[in-house]
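Colleague: What follows is a predicted structure for the sequence shown.
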Amino acid sequence: MSDTLVIIPTLNEIENIKAIVSKVLEQPKKFDVLVVDDASKDGTPEAVLELMALHTDRLFLERRVGKKGLGSAYIHGFKWALKKDYLYILEMDADFSHNPKDLIRLYKACTEGGAKLSIGSRYINNNVNVVNWNIKRLLLSYFASKYVQLITRIPLFDTTAGFVCYHRDVLEAIDLDNIKFVGYAFQIEMKFKAWKRKFPIKEVSIVFTDRTKGTSKMSNSIIFEAVIGVIQLRLRGIS
């Protein structure tokens, strides 16, 4: 058993799941992988089960009933990881927008760089490292992070990033049952609460590449949740 778990949430990711899991398991650093699947109908969980037969001690699957949202999937994974005594818990997308090779860089930012939370950042020092996004989505993401900075005063360039490494101390300090948001705003809320609790945070520059296979799960309701959620976070503070 590794000291580190990578959580990959899935909803109909049959085009990507075998390849992304295999790449994570191939890294020089030994990572365990937990796939949290929200009732995919395209064979995603069955594909994971096939891989589990080859990696019985490193690959795990949690199957949930219904589509409950990205944040809920991560919370499910966080609780699972804490029960299994993992020291470091990473989150990443299933669609190769996050490069598996960067997992080690996020891990080392915590183990060697003194961080308790490391973030794969697309916008460090306002440089934009995003490939294959149209200009509308790029501007939305970039200015969303600027908006979060303005409202919350959090000193991070990429507040909406979903490529993250947590030390278990952070997850234990945050009341996971009190996380309010399930979509885009979930990533903001977790970073905000870690920052308010004064955990050291480090951003690691990455290149984000938009998916080439499968379908994006982004929706207008997720974006609306983020816009309203940031104001609610500021008003509630550290709760």
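Modeller: Received, thanks. Numbering: from 1, shown residues only.

Colleague: what stretches of this structure score poorly on pLDDT?
Modeller: For the chain, the stretches with pLDDT under 70 are 132-133, 138, 211-239.

Colleague: tell me the strands in it, going along the chain?
Modeller: Taking DSSP state E to define them, one finds strands in the chain at 4-10, 32-38, 59-64, 88-91, 117-121, 130-131, 164-167, 201-205, 208-209.

Colleague: Does anything pack onto the last one? Which helices or strands?
Modeller: Judged by 3 or more C-beta pairs under 8 Å, 6 or more residues apart in numbering; DSSP states H and E, strand 208-209 is in contact with strand 130-131. C-betas here are computed from N, CA, C, even on glycine.

Colleague: what's the strand it packs on in contact with?
Modeller: Under the criterion C-beta atoms under 8 Å, 6 or more residues apart in numbering, residues Arg122, Leu138, Ser141, Val207, Phe208, Thr209, Asp210 lie in contact with strand 130-131.

Colleague: Direction included, what does it pair against?
Modeller: Strand pairing for strand 130-131, using DSSP bridges, gives strand 208-209 (parallel).

Colleague: Redo the contacts of strand 130-131 as JSON lines? Include neighbour count and distance to Met1.
Modeller: Written out in JSON lines, the entries for these read as follows (neighbours: other C-beta atoms under 10 Å; distance: C-beta to C-beta, whole Å):
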{"residue": "Arg122", "neighbour count": "26", "distance to Met1": "32"}
{"residue": "Leu138", "neighbour count": "16", "distance to Met1": "40"}
{"residue": "Ser141", "neighbour count": "21", "distance to Met1": "36"}
{"residue": "Val207", "neighbour count": "13", "distance to Met1": "31"}
{"residue": "Phe208", "neighbour count": "25", "distance to Met1": "30"}
{"residue": "Thr209", "neighbour count": "16", "distance to Met1": "31"}
{"residue": "Asp210", "neighbour count": "15", "distance to Met1": "34"}
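
Colleague: thinking again about what came up before, for the strands of the chain, which one sits closest to Glu50?
Modeller: Glu50 lies closest to strand 59-64 among the strands of the chain, at 10.2 Å (C-beta to C-beta).
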